[in-house]
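In: predicted structure and sequence below. I'll ask about it afterward.
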Amino acid sequence: MTISLYLDHDTWMHRLDARTKILSVLALCILALLYSHPFYLAAVWGLVFLGVVSAKALANMKKISILLVLLFLYSAILWPFFVEGHTHIFQWGSILITSEGLTFGLGMGLRLNVMVMSGILLLSTTRLEDFARSLQRFGIPPSMGFAVTLAFRWVPTLLGSISMIVQAQRSRGLDLSVGSFVDKIRGYAPLVVPLIGHTIRQTMLLAMALESKGFRPSRRRHSYSQSHMTGLDYGVLFVAVVCVGVSWRLRVMGYGV
């Protein structure tokens, strides 16, 4: 069983050229890095969420909802202990929590969520073949593009292998839901050996398959289909450039910090 993040929907975002989507995601990450105030980052988060809704990618967001919540909570809880400020909220001995530190922690949590959600949105609306072809058209060496796309393919395959092994062990009587926290961790020990063996076997099969086809990463690859930029692509890129430019100006003027 393999887990793919790509969702085959007919939305305006799916119809965009892969180069447009890659540059748009980079623009969103730049916006997230320009701001540190949670009010401005919440606006960027809302923009990404609107993109997720319009692309019908909420199913993938639900898969990583726990990760998003944990990233936000860790940042909101840990950063206030390391950021100094003048407005004291809580003090216990040498531990001091300030309003500035809490605000910064909330902003960092939103920043991480924006970056993760932007990446998931890209993978939800872009086929790996289109992604690899766009990297090549950007001038990235074919070997590097192949390594990136192979990683995107390999991680879902590995996650699918883990799920398959867990189901196989459960059919043999392994129950991972009982016992204390330490017992649950020990229960995963029988899964390590078959996972390592399965991973090595899949790696060898992949290497033999590439060798049998005469694959050489250094050779330039040609695709049977070529995508073209449309007016919608240029419009999205124009909006992205304007947003980055306005945000950069606001950041220079001292807003969003």
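Out: Sure, I can see it. Residues are numbered from 1 along each chain as shown.
In: quick one: buried residues of the one helix or strand residue 150 maps to?
Out: Residue 150 belongs to helix 142-171 when assigned by DSSP states H and E. Neighbour counts over helix 142-171 (16 or more other CB atoms under 10 Å) mark 142, 145, 146, 149, 152, 156, 157, 158, 161, 162, 165, 169 as buried. Just so you know, the C-beta spots here come from the backbone N, C-alpha and C atoms, and that holds for glycine as well.
In: please identify which of those is nearest to residue 205.
Out: For residue 205, the nearest member of these is residue 157. The distance, counting by CB to CB, is 11.2 Å.
In: can you pull the domain assignment for the chain?
Out: The chain breaks down into these domains under automatic domain parsing: 15-126+240-257, 139-226.
In: tabulate the buried residues of helix 142-171 (CSV), appending distance to residue 257 and pLDDT.
Out: Putting the buried residues of helix 142-171 into CSV (distance: CB to CB, whole Å; pLDDT from 0 to 100) gives the following:
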residue, distance to residue 257, pLDDT
142, 41, 73
145, 37, 73
146, 41, 74
149, 37, 75
152, 35, 73
156, 38, 68
157, 42, 71
158, 40, 72
161, 45, 75
162, 42, 74
165, 48, 78
169, 51, 76
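In: distance to residue 232 added to those, as a markdown table?
Out: Converted to a markdown table, these look like this (distance: CB to CB, whole Å):
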| residue | distance to residue 232 |
| --- | --- |
| 142 | 28 |
| 145 | 25 |
| 146 | 29 |
| 149 | 25 |
| 152 | 25 |
| 156 | 29 |
| 157 | 33 |
| 158 | 35 |
| 161 | 39 |
| 162 | 39 |
| 165 | 44 |
| 169 | 48 |
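In: which of these sit farthest apart?
Out: 142 and 169 (39.8 Å).
In: which elements pack onto the helix or strand hosting residue 133?
Out: Counting by DSSP H and E, the secondary-structure element that holds residue 133 is helix 128-137. Contact here means 3 or more CB pairs under 8 Å, 6 or more residues apart in numbering; DSSP states H and E; on that basis helix 128-137 packs against helix 18-34, helix 142-171.
In: please put the alpha-carbon coordinates of that helix into PDB.
Out: These are the backbone C-alpha positions of helix 128-137, laid out as PDB (Å, rounded to 0.1, in the frame of the first residue of the first chain):
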ATOM      1  CA  LEU A 128       5.500  14.300  -9.300                       C
ATOM      2  CA  GLU A 129       6.200  14.000 -13.000                       C
ATOM      3  CA  ASP A 130       5.200  17.600 -13.500                       C
ATOM      4  CA  PHE A 131       7.200  18.700 -10.500                       C
ATOM      5  CA  ALA A 132      10.300  17.000 -11.800                       C
ATOM      6  CA  ARG A 133       9.900  18.400 -15.300                       C
ATOM      7  CA  SER A 134       9.500  21.900 -13.800                       C
ATOM      8  CA  LEU A 135      12.700  21.500 -11.800                       C
ATOM      9  CA  GLN A 136      14.500  20.600 -15.000                       C
ATOM     10  CA  ARG A 137      13.000  23.600 -16.800                       C
END
